[in-house]
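Student: Structure of the sequence below:
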Amino acid sequence: MLLNELLVLNAERQPAKVAVETAERSITYDELAHCVERLARHLLNRGLGRGARVAVHWHNSVEMLELLLGVFRAGMVAVPINPRLKAPEIAFILAHSGARLCFSEAALAAFVNGVEVVSELPTRKCE
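Tutor: Below is the predicted model:
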């Protein structure tokens with residue numbers, strides 16, 4: 001069973017159960033499944049095809065989970081980038097991974113160059 005299938009299964013079986021909880025936020029399985037699906041559709045509608053590399057430059061959070069699962073759901077490859085890295089290290093990862101898009105928190109986006117940078121999730125309705 002794929003991770004995406006497991007998320008959908010849990011959303012069907014226990015939609016109101018909390019899937020992830022942090023100090024700032026929690027999200028139920030149903031909410032997470034909808035956010036992940038919206039993000040996957042958004043990525044595919046941008047013209048990124050299956051197998052495309054999408055960088056994720058984000059601190060550990062519910063949003064980071066949404067991004068990773070959304071990339072997986074779309075059939076793409078997530079390229080996680082440690083938020084503690086410096087610009088030259090990030091540039092190296094982006095260049096060698098072939099990432100065409102990078103989701104980067106607004107506070108971190110200045111360190112990313114060479115690819116399109118997105119600092120807001122298109123799933124903000126999910127909060």
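Student: Regarding the residue lying closest to residue 87 once chain neighbours are set aside, what are the backbone dihedral angles?
Tutor: Nearest non-adjacent residue to residue 87, counting by C-beta to C-beta, 6 or more residues apart in numbering: residue 111, 4.6 Å away. (Glycine included, C-beta is placed from N, CA and C.) With angles defined as degrees, to the nearest 10, residue 111 sits at phi -80, psi -10.
Student: Next, work out how far apart the residue lying closest to residue 24 once chain neighbours are set aside and residue 120 are.
Tutor: Spatially, and ignoring its direct neighbours in sequence, residue 24 is nearest to residue 61 (7.2 Å; C-beta to C-beta, 6+ apart). Computed with C-beta to C-beta, to the nearest Å, the distance linking residue 61 and residue 120 is 13 Å.
Student: The helix or strand hosting residue 54 packs against which elements?
Tutor: Assigned by DSSP states H and E, residue 54 belongs to strand 53-57. In this structure, strand 53-57 packs against helix 62-73, strand 77-80, helix 87-97, strand 101-104, with contacts taken as 3 or more C-beta pairs under 8 Å, 6 or more residues apart in numbering; DSSP states H and E.
Student: Go again with 10 Å.
Tutor: Strand 53-57 sits against helix 62-73, strand 77-80, helix 87-97, strand 101-104, strand 116-118, with contacts defined as 3 or more C-beta pairs under 10 Å, 6 or more residues apart in numbering; DSSP states H and E.
Student: Indicate which one of the ones you listed is closest to residue 48.
Tutor: Taking C-beta to C-beta, strand 101-104 is the member of those nearest to residue 48, at 6.6 Å.
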